[in-house]
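> One predicted model, sequence on top.
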Amino acid sequence: MSNKPKILWLNVSVFAVTFLVALIAVPYRAITHGFETVEIVAALLCFIYCGMSITVGYHRLWSHRTFQSHWSLRFICALGGAFALQNSALHWSSDHRIHHKHVDKNDIDPYSAKRGFWYSHIGWMLKEYQPERIQSYDNVRDLQKDNVVMWQHKHYLLLTILMNFGIPIAFGIYTGDIISSLLLLGFLRLVLSHHTTFFINSLAHIWGKQTYTDKNSARDNGILAFFTFGEGYHNYHHIFENDYRNGIRWYQFDPSKWLIKLCSYINVTSKLRVVSEDKIEKAKLKMMLKVSKDILRSKSQTDGLCETQQKLQSEYDQLIIKMNELYSARKTLLLSKKEQFISDVEQSELLKQYNELKVKFAQQKRDWTLLAQQFA
Ligand SMILES: [Zn+2]
Ligand SMILES: [Zn+2]
């Protein structure tokens, strides 16, 4: 008996047909008939709706529980996920939790990037590569208590048909051009939505910087973040998966984060989880130290090597000590402000100490970064 994985013909047909229609029929229609602006805008809105349902709902809410959500937002994301045709939220989250737990392990990670671009992008869905794996949903027991998740899982097929044909046809009736609407809001939107999401499993594990860790293949990539509603900061995400943000800086493009935050102001979302700043900073510095040491080791075999390495390490240790002092001072300061248990004079003394530590830390960080950069 052959051990060749069985081809999943339904998946192959869906991907092939939608891709070919988007590639051939859409440009043909554009040339011979043209599209109205309103149709293009509607297709773009549908694309955003699908993408954000996956990033906000499937990924950050259900797979990682990084915040809590009112049923209304969960319902909207469940419909959008069916529209995006990426399996039920329960199934998707189950796969994704395995991906995080066993990242890069070719036999367990469902879309291991170590098996190459094609496999992690789409190949893993075209053949039955893990026939021994029984989808027991044991790792998503918490989600089985979510009524919206279970309702979507139960009626998934019906919902995908309703969303993928219903919305384009209804919009086509409104504009009086069902064919154009099916092509743009149906096929093109679906293909773009599929492949941009798939890029997170493929490109985001191949192309970009390993800012926080090199223990897995995930990368940070600002360009990718633009096309994936913020998910391009994948190196950060793999090390701190419980954070509702992927792009943690204000200037990093992460509309999923903005939406979750915005919804918290009207109590649609709550309990947004973030990783503390000192933990993030430490991971980043540790990675810098590792890179510098690796480069140093590969570059020179001379006598000064040991000494330089020691200096790098001792300056780094100093930096971490200063950082711990700074963050503990900050904690005390914030606590004293909140609980008002000390006098104004004592508080201004605390503030003074804190500012002094801040200056010292900044100085040490500058010195150490310069030292580390000599080898990078
Ligand atoms: Zn994830
Ligand atoms: Zn990943």
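That came in fine, so what should we check first? Ligands and ions are numbered 1, 2, ... in the order given.
> hmm, who's touching stretch 52-59?
By CB atoms under 8 Å, 6 or more residues apart in numbering, the surrounding residues in contact with stretch 52-59 are 73-74, 76-81, 83-84, 86, 89, 92-93, 96, 197, 228-231, 255-256, 259-260. The way it works is simple: take the backbone N, C-alpha and C, and place the C-beta from them, glycine included.
> average model confidence for it?
For stretch 52-59, the mean per-residue pLDDT is 98.
> May I have it as PDB, with CA atoms only?
This file holds the C-alpha atoms of stretch 52-59, laid out as PDB (Å, rounded to 0.1, in the frame of the first residue of the first chain):
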ATOM      1  CA  MET A  52     -10.600  41.400  10.300                       C
ATOM      2  CA  SER A  53     -13.100  38.600  11.300                       C
ATOM      3  CA  ILE A  54     -10.200  36.200  11.000                       C
ATOM      4  CA  THR A  55      -7.600  38.400  12.800                       C
ATOM      5  CA  VAL A  56      -9.800  39.800  15.500                       C
ATOM      6  CA  GLY A  57     -12.200  36.900  16.000                       C
ATOM      7  CA  TYR A  58     -10.600  33.600  14.900                       C
ATOM      8  CA  HIS A  59      -7.100  34.600  15.900                       C
END
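> Pull out the buried positions in it.
Neighbour counts over stretch 52-59 (16 or more other CB atoms under 10 Å) mark Met52, Ser53, Ile54, Thr55, Val56, Gly57, Tyr58, His59 as buried.
> now the last one: how far from Gly232?
With the distance defined as CB to CB, to the nearest Å, His59 ends up 13 Å from Gly232.
> how about the strands in the stretch 151-300 of the chain?
Along the stretch 151-300 of the chain, counting by DSSP state E, counting those that start in this stretch, strands occupy 269-270.
> Which parts of it are helices?
All helices of the stretch 151-300 of the chain, identified by DSSP state H, counting those that start in this stretch, fall at 156-161, 167-175, 178-181, 189-201, 222-227, 234-239, 255-265, 277-299.
> Flag every buried residue along the second one.
When you say that, I think you mean helix 167-175. If you call a residue buried by 16+ other CB under 10 Å, then helix 167-175 has these buried ones: Ile167, Pro168, Phe171, Gly172.
> What of the last one?
Neighbour counts using 16+ other CB under 10 Å place Asp278, Ile280, Glu281, Lys282, Ala283, Leu285, Met287, Met288, Leu289, Ser292, Lys293, Leu296 of helix 277-299 among the buried residues.
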